[in-house]
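Chemist: Provided below for reference: sequence and predicted model.
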Amino acid sequence: MHEHAVELIALAWAAGWLVAVLILFVAGARLPLATGLGAIASRFYALGCVAAGLGVWVLANVALHLNDTHIDLTREKVYTPSATAMAVVDELRTPVNITYFYRSEDPIGQRARNIMEVMGRRNPMLTVLTVDPDKQPELARREGVRLYNAAIVEAAGRRVLIQGTDEAEIAIGIQRALRTRSLTVCFLEGHGEFAMDGFEFHTHLEGISDHSHGDASSQIIETAGHGVGRLRRVLEAQGYATAKLLLATTGAVPGDCTVVLVANPRTTFLPAESAALRTYLAAGGSALFMLDLGFVPEAGLSRLLSDLGARLEQEVVIDPLSHYQRDAEMVAVTGYDPHPITRTLSLTFFPGIRPLTLTRPVPGVEVTPILQSSRDSYARPVLPADARTVESSSAPAAQVAEVRPRVLGIAAEGTLSPGASPFRAVVIGDGDFASNSFLPYMSNSDLLVAAVRWLAREERGTAVRTRIPVPPMVLLTAAQSRWLFALIVIVLPLTVIGIGGAVWWSRR
């Protein structure tokens, strides 16, 4: 149901309550006070009227209470929970208790209290208690809460503390309290990957590529500051633990790694590292490979990716039809093949992405393309990262490939050998879209969260978006910019001229 829609059935019960009240009012105004039937009959008549009135009043209020509805008349729907938060509440099959501590004099806290109460009335499995610590200090002291706008979420003996006034955070807290196992995302390091604990911004050199993030600038971006700290924080907000993984020293993927995340390595893996990743997947692990332009896979990793159903091409995709802003190398994807990862995505974009060629996977592996460029896209060969210099050409001399859609990402699941445990893997030909620079915009963060949830086998529940604080910006695709330019620069002036001409013609 749309987050701003009114539940028509519950609204009908409210209308029925109003009709019952009007009937009581009309009956009270129209029924005669004296019947002329005698004293005893008059008493029975009066008692019958009172009993009927009370019966209608009681039944109407019980029906209204059992079919409660929420009508938010504010334009911004300030007191209406988001659709995803309500979906999380609707999915509850296990009792959940929420105790929310707010300050009654704080308008933001009052709004959060109202939101919590609306969510509590949504599903009988959810019990919500709102408390002002200033008025009930003993309860706050017993629960160990010393801050305002804090929620304690309890389910099946588990307890999660949430600090904030956003119902999305409360919804994520519900999911965390219901989670029965610990989930850890291990960030692979050792090959120049995006750092998971770096500053949440990026630095690069200006001038040569004019602040571009396509293939031309990939050779001069300073990856030390171009990290995935925002992605790590988003995953931690979802309740995932995060850890670094250095395969070159550990020799194997630890058993507590639920998902291995490979974010834009710059140097080739060691054969032992590729073998460790294969062993991990063969044992039922999950991995997200984001392999950007210029990364050259080691032979063992190439065989592993081929067994998963994909081969990395040493090319950059250029999409004149669907791209972000004015850079045709920032490929924008608006349509997706059906898959649990892509069911809620709208628009994602990938700065300098390489295409994948589908291969025949090993028996027992099912491959689904989840990202594709538009029909007008084509690919241009590029040099590997270790073969580039600022002065060298970024692409060897070659003919431009044919114009057709290119596969940009796949999802694979199955078994690598008979009798092995089922694995899951996602391979995408870009890593920049997950970086601090691009994660908060469009649906890039939604894609990554959905991918990790699918890899962690949590795709059945509703994915709740984690809000990432960014400066206010208006971001437009190339097509949207063209339409906006045509409307403001061409259509509106011509409309004014046309109206002026019509007024002159009518008065001449």
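Modeler: Nice, thanks for sending it over.
Chemist: lowest confidence element among the helices and strands of the chain?
Modeler: Every helix and strand in the chain was compared by mean pLDDT, DSSP states H and E; the lowest is strand 203-204, with a mean of 44.
Chemist: tell me the mean pLDDT over stretch 402-411?
Modeler: For stretch 402-411, mean pLDDT rounds to 94.
Chemist: just confirm Cys186 is within a helix.
Modeler: No. Looking at Cys186 with DSSP: H, G, I helix; E, B strand; the rest coil, it is strand, so not inside a helix.
Chemist: please name the residues that touch it.
Modeler: Residues near Cys186 by C-beta atoms under 8 Å, 6 or more residues apart in numbering: Thr242, Ala243, Lys244, Leu245, Val253, Pro254, Cys257, Val259, Val260, Leu261. Where C-beta positions appear, they are placed from N, C-alpha and C, glycine not excepted.
Chemist: quick one: the strands in the stretch 201-350 of the chain?
Modeler: 203-204, 221-222, 241-245, 259-263, 286-290, 310-312, 315-318, 330-333, 348-351 (DSSP state E, counting those that start in this stretch).
Chemist: neighbouring contacts of the fourth one?
Modeler: Contacting residues not belonging to strand 259-263 are listed as 183-188, 193-194, 196, 228, 231, 245, 253, 277, 280, 285-291, 431, 434, 452, 455-456 [C-beta under 8 Å, 6+ apart].
Chemist: now the closest residue in space to Leu247 that isn't next to it in sequence: how far from Ala12?
Modeler: Spatial nearest neighbour of Leu247, excluding adjacent residues (C-beta to C-beta, 6 or more residues apart in numbering): Glu273 at 4.3 Å. According to C-beta to C-beta, to the nearest Å, Glu273 and Ala12 sit 63 Å apart.
Chemist: can I get stretch 330-348 in PDB? Just the C-alpha atoms.
Modeler: Extracted in PDB, the C-alpha atoms of stretch 330-348 (Å, rounded to 0.1, in the frame of the first residue of the first chain):
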ATOM      1  CA  MET A 330      28.800   7.100 -16.500                       C
ATOM      2  CA  VAL A 331      26.300   4.400 -17.600                       C
ATOM      3  CA  ALA A 332      22.800   4.800 -16.100                       C
ATOM      4  CA  VAL A 333      20.600   1.700 -15.700                       C
ATOM      5  CA  THR A 334      16.800   2.200 -15.400                       C
ATOM      6  CA  GLY A 335      15.500  -1.300 -16.300                       C
ATOM      7  CA  TYR A 336      16.500  -4.500 -14.500                       C
ATOM      8  CA  ASP A 337      16.000  -8.200 -15.100                       C
ATOM      9  CA  PRO A 338      13.700  -9.800 -12.500                       C
ATOM     10  CA  HIS A 339      15.700 -10.900  -9.400                       C
ATOM     11  CA  PRO A 340      15.300 -10.400  -5.600                       C
ATOM     12  CA  ILE A 341      18.200  -7.900  -5.800                       C
ATOM     13  CA  THR A 342      16.600  -5.600  -8.300                       C
ATOM     14  CA  ARG A 343      12.900  -5.700  -7.300                       C
ATOM     15  CA  THR A 344      12.900  -2.300  -5.700                       C
ATOM     16  CA  LEU A 345      15.600  -0.500  -7.700                       C
ATOM     17  CA  SER A 346      14.800   2.600  -9.800                       C
ATOM     18  CA  LEU A 347      18.000   4.200 -11.300                       C
ATOM     19  CA  THR A 348      21.600   3.300 -10.700                       C
END
